[in-house]
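*Asks:* The sequence isn't on hand, but the structure is:
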Ligand SMILES: O=c1[nH]c(=O)c2[nH]c(=O)[nH]c2[nH]1
């Protein structure tokens, strides 16, 4: 019996690329997941561990980021074709390539009825939540939402933090700020005074959260969290307390200098973990007691 190598391919899977076109103050955002797979004559590495024909998957990843800076992204089909052609043309052993590009949608956040220049929201996936607790004659209503994914491509800084022997984080005056908002708010009373109904109240509070996120020039996600909670309390008299849980969905500037390219905050790797997790409660100082409102509400909020 002879054993032979059958069909094979290899590459880098799920390269998370966020490209910000900042050529005008009205930023354009392209958010991609790219998977490269090379096909060709790779028997050497499989049979003998001879890597002479193996363009590293790490190189393939770098090429994705470098191409985004050199050529821009454009349509996903064009970006994929440019990459696939490059690998096939540039490497002797590579006779074919499969490049899969998925694009994640973003919409502009509307503030006072106008599309914002650099604040975005991911459509879909958001969940409206509610927990009602009744105890005898008492009742409490906690409403909320989760997975409201938002991003600002500028208008966010983070500096002035303490440094110790383990600190490597660079201070920044311009970074991408992104989070998936989980918010729960407790109404002062189970019967709304100011709003007609819970649906209208939910929609209005959601708008307030989005507008506050978009409008604040942020010096920390903690500051953004507080501003969002504060805006809800200021604009919605029915609400006694807001609890927020906001992961800091880090976007790191890719170092393209090894390829002779600068990167003026244009090409980012969107990391999925680990992430900062910023949580807090914002409430009126004269809020009625929470009673059993938060009983059995999972997690921080
Ligand atoms: O807004 C931020 N808050 C933090 O506490 C923090 N920590 C960190 O590393 N980056 C950030 N960003």
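*Replies:* Cool, the structure landed. Please read all numbers here as calculations on a predicted model, not as lab measurements.
*Asks:* Could you list the buried residues of stretch 138-153?
*Replies:* By neighbour count on 16 or more other C-beta atoms under 10 Å, the buried set for stretch 138-153 is 140-146, 148-153. For glycine as for every other residue, the C-beta is placed from the backbone atoms N, C-alpha and C.
*Asks:* what do you get for stretch 118-138?
*Replies:* 118-122, 129, 131, 133.
*Asks:* Ok, stretch 156-172 next?
*Replies:* Residues of stretch 156-172 classed as buried: 156-158 (neighbour count, 16+ other C-beta under 10 Å).
*Asks:* and for stretch 85-93, what are the contacting residues?
*Replies:* Under the contact criterion C-beta atoms under 8 Å, 6 or more residues apart in numbering, stretch 85-93 has outside partners 36, 38, 40-42, 53, 55, 60, 63, 67, 94-97.
*Asks:* is it possible to export these to TSV including secondary structure, distance to residue 171 and neighbour count?
*Replies:* Formatted as TSV, the contacts of stretch 85-93 follow (DSSP: H, G, I helix; E, B strand; the rest coil; distance: C-beta to C-beta, whole Å; neighbours: other C-beta atoms under 10 Å):
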residue	secondary structure	distance to residue 171	neighbour count
36	strand	34	27
38	strand	39	26
40	strand	45	19
41	coil	49	10
42	coil	45	19
53	coil	44	16
55	coil	36	19
60	helix	32	24
63	helix	30	22
67	helix	29	20
94	strand	42	20
95	strand	47	11
96	strand	45	12
97	strand	40	23
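*Asks:* And these, which two are furthest apart?
*Replies:* With C-beta to C-beta as the measure, no two of the contacts of stretch 85-93 lie farther apart than 41 and 67, at 24.5 Å.
*Asks:* For the stretch 101-250 of the chain, just list every one of the strands.
*Replies:* With DSSP state E, counting those that start in this stretch as the criterion, the stretch 101-250 of the chain has strands at 107-111, 114-121, 127-135, 138-152, 177-187, 239-248.
*Asks:* Can you say which of those is nearest to the ligand?
*Replies:* Proximity to the ligand (C-beta to the nearest ligand atom) singles out strand 239-248 among the strands of the stretch 101-250 of the chain, at 5.4 Å.
*Asks:* Okay, now the sheet partners of that closest one, with direction.
*Replies:* Partners of strand 239-248 in the sheet, by DSSP bridges, are strand 177-187 (antiparallel), strand 276-283 (antiparallel).
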